[in-house]
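Colleague: With the sequence up front, the predicted model follows.
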Protein chains: 2
Amino acid sequence: MKIPAKHIENTVDQIASLPGIGRKTALRLVLQLLNRSESEIHDFSSAFTQMKEHVLFCSNCGNISDTPICGICSNENRDHSTVCVVEDIRDVLAIEGTQSYKGIYHVLGGVISPMDGIGPSDLNIDLLINRIASGKISEVIFALSPTMEGDTTNFYIYKKIKNISIEFSTLSRGVAIGSELQYADDVTLSRSIVNRQPFVL
Amino acid sequence: MKIPAKHIENTVDQIASLPGIGRKTALRLVLQLLNRSESEIHDFSSAFTQMKEHVLFCSNCGNISDTPICGICSNENRDHSTVCVVEDIRDVLAIEGTQSYKGIYHVLGGVISPMDGIGPSDLNIDLLINRIASGKISEVIFALSPTMEGDTTNFYIYKKIKNISIEFSTLSRGVAIGSELQYADDVTLSRSIVNRQPFVL
């Protein structure tokens, strides 16, 4: 697909550099943007530079924030003795969306994945270990993705802190609520039978 | 989904304003952009303003261009007596991609669609009629989408220029090459039987 205007070609290339967006989709988005006014394009464009310039990561947990310490870590009403370890900022938003967790978080920024060249030193693990070693934390909830990489990361962190006497837990694993049993995968179904829970009305 | 940093929230809103992109996808893209360096973000951001500032539309056919007259209209080797009428710049790219058309184009910028409030005056139709009236054109190919709106637009243009003695044609309609007959829709299949073509080896 040869685009006959170099500035449009350049914008298409920039949008297509985003994950999951191909050149055809990028062109569709660019042509939609072209219909907007100059001030709308200016607002669109400056959002990216403003974001890069002003965004902060909480120095305590690694979450995105407008302030040096994020709103969750600075909230006195939350349980500061329970830390939920997540992979990504989106996981914080997803758990916050459930409104059923009142503790604080620790964002690793990824999981250990030798295939992608991501080792423990690339992640926010040392800070987590310091937080746990400070003695103010009584429970660590591992809420990483239930994949090989997630489990490896859980195990790596667990090994580093197992001598500290705190409680460890992971998210419960089993069949999803609202799903049909026959479509659950074998591993999940088999684990959900082995780890069956007491029936509560 | 409440995002705890206003500049990220703003960028997510901007990306989610693009057609077909929701807030979850927008956040995924924004977090990927956050990992880039400042100069990369600057290049990304300035692509949009540069595009808006510098893009030109060919004053002859309405195609995007780097010059006042586009590369197709200014190409002496093309057949300037055949004009292919298309809805959108993407259609020009698609037809050019086939390498089987050597004429020139006319980009309408849409089709007549009363439902969306788009009337003939919102489209690049007057310029097309002037081009045809100039007497330099011997064939007009209607290459609009085979929809109600596309057919209405074809008919509107045809009515305006039917007194000028030139040839009119439309893209051939029928079952797609490589598709399975049983999945073709009824209307297409029925038309492809009525309008059957001579068998050529």
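Modeller: Good, I have the coordinates.

Colleague: can we go C-alpha only for contacts and neighbour counts from here?
Modeller: Noted.

Colleague: would you list every one of the helices in chain A?
Modeller: A:6-16, A:23-34, A:38-54, A:89-98, A:125-133, A:148-161, A:186-194 (DSSP state H).

Colleague: Mind giving me the packing neighbours of the longest one?
Modeller: Read that as helix A:38-54. Contact partners of helix A:38-54 among helices and strands, from 3 or more Cα pairs under 8 Å, 6 or more residues apart in numbering or on different chains; DSSP states H and E: helix B:6-16, helix B:38-54.

Colleague: and what of the first one?
Modeller: Taking 3+ Cα pairs under 8 Å, 6+ apart as the contact definition, the neighbouring helices and strands of helix A:6-16 are helix A:23-34, helix B:38-54.

Colleague: next one: the second one
Modeller: Taking 3+ Cα pairs under 8 Å, 6+ apart as contact, the helices and strands that helix A:23-34 lies on are helix A:6-16.

Colleague: can you list contacts of the helix it packs on?
Modeller: A:3, A:21-23, A:25-27, A:30, B:44, B:47-48, B:50-51, B:54-55, B:66 (Cα atoms under 8 Å, 6 or more residues apart in numbering or on different chains).

Colleague: And the pLDDT at A:Val175?
Modeller: The per-residue pLDDT reported for A:Val175 equals 84.

Colleague: swap in A:Ile164?
Modeller: pLDDT at A:Ile164 comes out at 87.

Colleague: That one contacts A:Ser134, correct?
Modeller: No: counting by Cα atoms under 8 Å, A:Ile164 sits too far from A:Ser134 to count as a contact (10.2 Å).

Colleague: quick one, phi/psi of the spatially most central residue of chain A?
Modeller: Most central in chain A under Cα atoms, centre = their mean is A:Asp88, positioned 1.7 Å from the mean C-alpha point. Main-chain dihedrals, A:Asp88, degrees, to the nearest 10: phi -150, psi 160.

Colleague: so who does it touch?
Modeller: A:107-110.

Colleague: redo that, cut-off 10 Å
Modeller: Residues in contact with A:Asp88 (Cα atoms under 10 Å, 6 or more residues apart in numbering or on different chains) are A:62-63, A:106-111, A:144, B:31.

Colleague: thinking again about what came up before, neighbour-wise, give me the winner out of the contacts of helix A:6-16.
Modeller: B:Phe48 (26 neighbours; other Cα atoms under 10 Å in any protein chain shown).

Colleague: so what's it up against?
Modeller: A:7-8, A:10-12, A:14-15, A:30, A:33-34, A:38, A:41-42, A:44-46.

Colleague: same deal with A:Ser81?
Modeller: A:103-104, A:132, A:135-140.

Colleague: what's the answer for A:Ser113, then?
Modeller: A:119-120, A:148-150, A:152-153.

Colleague: Mind pulling the model confidence for it?
Modeller: Looking at A:Ser113, the pLDDT reads 92.

Colleague: Check A:Ser81 too.
Modeller: Looking at A:Ser81, the pLDDT reads 93.

Colleague: Likewise for the one 10 residues further on?
Modeller: Among the per-residue scores, A:Asp91 shows a pLDDT of 91.

Colleague: For ChimeraX, write the select line for the buried members of the contacts of A:Asp88.
Modeller: Applying 16 or more other Cα atoms under 10 Å in any protein chain shown to the contacts of A:Asp88, the buried members can be selected in ChimeraX as follows:
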select /A:62,63,106,107,108,110,111,144 /B:31
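
Colleague: out of the contacts of A:Asp88, who's nearest A:Ile193?
Modeller: Distance to A:Ile193 across the contacts of A:Asp88 (Cα to Cα) is lowest for A:Leu144, with 21.8 Å.

Colleague: before we move on, the earlier item: closest one to A:Tyr183 among the helices and strands packed on helix A:6-16?
Modeller: Set against A:Tyr183 and scored by Cα to Cα, the helices and strands packed on helix A:6-16 come closest in helix A:23-34, at 32.0 Å.

Colleague: Name the residues that touch that closest one?
Modeller: By Cα under 10 Å, 6+ apart, helix A:23-34 touches A:1, A:3, A:8-9, A:11-18, A:40-41, A:44, B:15, B:17-21, B:48-49, B:51-52, B:55, B:64, B:88-90.

Colleague: The lengthiest strand in chain A pairs with which strands?
Modeller: The longest strand of chain A (DSSP state E) is strand A:79-86. Looking at strand A:79-86 with DSSP bridges, its partner strands are strand A:103-107 (parallel), strand A:139-142 (parallel).

Colleague: What is the neighbour count of A:Val194?
Modeller: A:Val194, neighbours per other Cα under 10 Å, totals 10.

Colleague: Understood, closing this out.
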